[in-house]
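Novice: 3D, please:
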Amino acid sequence: MRAVVIAAQGGPEVLEYAEHPDPVAGPGEVVVDVAASGVNFIDIYQRSGVYPLQLPSPIGCEGAGTVSAVGPGVTGFAVGDTVAWANVLGSYAEKAVVPADRLVPVPDGVSADLAAAALLQGMTAHFLVRSTHEVKEGDRVLIHAGAGGMGQLLIQLAKLYGATVHTTVSTDEKAKLARAAGADEVHSYDDFAQTLKDSIDVVYDGVGATTFEGGLTALRRRGLMALYGAASGPVPPMDPQLLNRSGSLFLTRPTLVHYVDNREELLWRAREVFGWIAAGQLRIDVSHRYPLAEAARAHEDLAARRTTGKLLLIP
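Specialist: Model prediction:
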């Protein structure tokens, strides 16, 4: 099979597309013929060295496809099943070996490539609006980067639960996408903080360094900052007294792995995400599909914020 691996951490040029031995399913494992792999900022963090990896390493942590082999001891999955996964390294490949307890079934009405586009970001959006802060009718929510894959999902789910949604974008074209996703008000990065000062219940920030302080300004007293990413770079160290002076604010840095730390929670989040898609309540915007061999170009485009919606690699 062909797959993308890295022998060193660095820029997109370290992504090596080459032939590798076909994987074999060990005890508790399943081999999947990959239909599509999701491209996510965590892949960039792992490739670049922000998140250390044991090298050489496979790359890519989200995908979907068809089960082609089942290892000893596996129950609940059979050859021919359509499945998806998140947070499993090795997804940038024609074939992936995945622990069975990390797989989720893909229901009828959801295609494999749509499942690959939806699972990691969809479950992240799910825990942010259902668990990190349970969005409810009347909440005022600020979602940064509303035209991106995560931004569009968060907008839709926040609206589903009755929030008034504010978002930020960098261009008029991206503003149209954010409004199409359901945003009530769209702001520029230059003026959102003062426009929304002391009025927002929860900020969902996947941008990081360039938006963090402005997000704190926008929060009402005892509001919550959910910092779930750092597309513009990591937030510098801060004095916790800033949260006090700004109105006894709450700050959390959540990540998906801690919100799917048992099988029941994983299946609950995946089932609701796929259910919303099948029911037409959640739209997944797959804006770019790249051949697997062009993983480096996908990373370059995502890092430069030249894209909107979700990016997929197709073997």
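
Novice: and residue 17, that one's in a strand?
Specialist: Yes: using DSSP: H, G, I helix; E, B strand; the rest coil, the assignment for residue 17 is a strand.

Novice: need the pLDDT of it.
Specialist: Residue 17 is assigned 98 on the pLDDT scale.

Novice: bridging residues for it?
Specialist: Per DSSP bridges, the residues bridged to residue 17 are residue 4.

Novice: tell me who's in contact with it.
Specialist: For residue 17, the contacting residues are 2-4, 292-293, 295, by CB atoms under 8 Å, 6 or more residues apart in numbering. In this view, the C-beta of every residue, glycine as well, is placed from N, C-alpha and C.

Novice: weed out the non-buried ones from those residues.
Specialist: 3-4, 292, 295 (16 or more other CB atoms under 10 Å).

Novice: need the contacts of residue 17 in a markdown table (columns: distance to residue 268).
Specialist: Output for these, formatted as a markdown table (distance: CB to CB, whole Å):
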| residue | distance to residue 268 |
| --- | --- |
| 2 | 35 |
| 3 | 31 |
| 4 | 31 |
| 292 | 31 |
| 293 | 36 |
| 295 | 31 |
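
Novice: quickly name whichever of the residues you listed is closest to residue 307.
Specialist: residue 295 (14.0 Å; CB to CB).

Novice: which element is that closest one on?
Specialist: Applying DSSP states H and E as the criterion places residue 295 in helix 295-303.

Novice: before we move on, the earlier item: ok, the contacts of residue 17 vs residue 109, which is closest?
Specialist: When the contacts of residue 17 are compared against residue 109 (criterion: CB to CB), the nearest one is residue 292, at 26.1 Å.

Novice: quick one, what contacts the closest one?
Specialist: Residues near residue 292 by CB under 8 Å, 6+ apart: 2, 4, 17, 37, 92-94, 313-315.

Novice: distance of it relative to residue 115?
Specialist: 17 Å (CB to CB, to the nearest Å).

Novice: how about residue 53?
Specialist: Between residue 53 and residue 115 the distance is 25 Å, computed by CB to CB.
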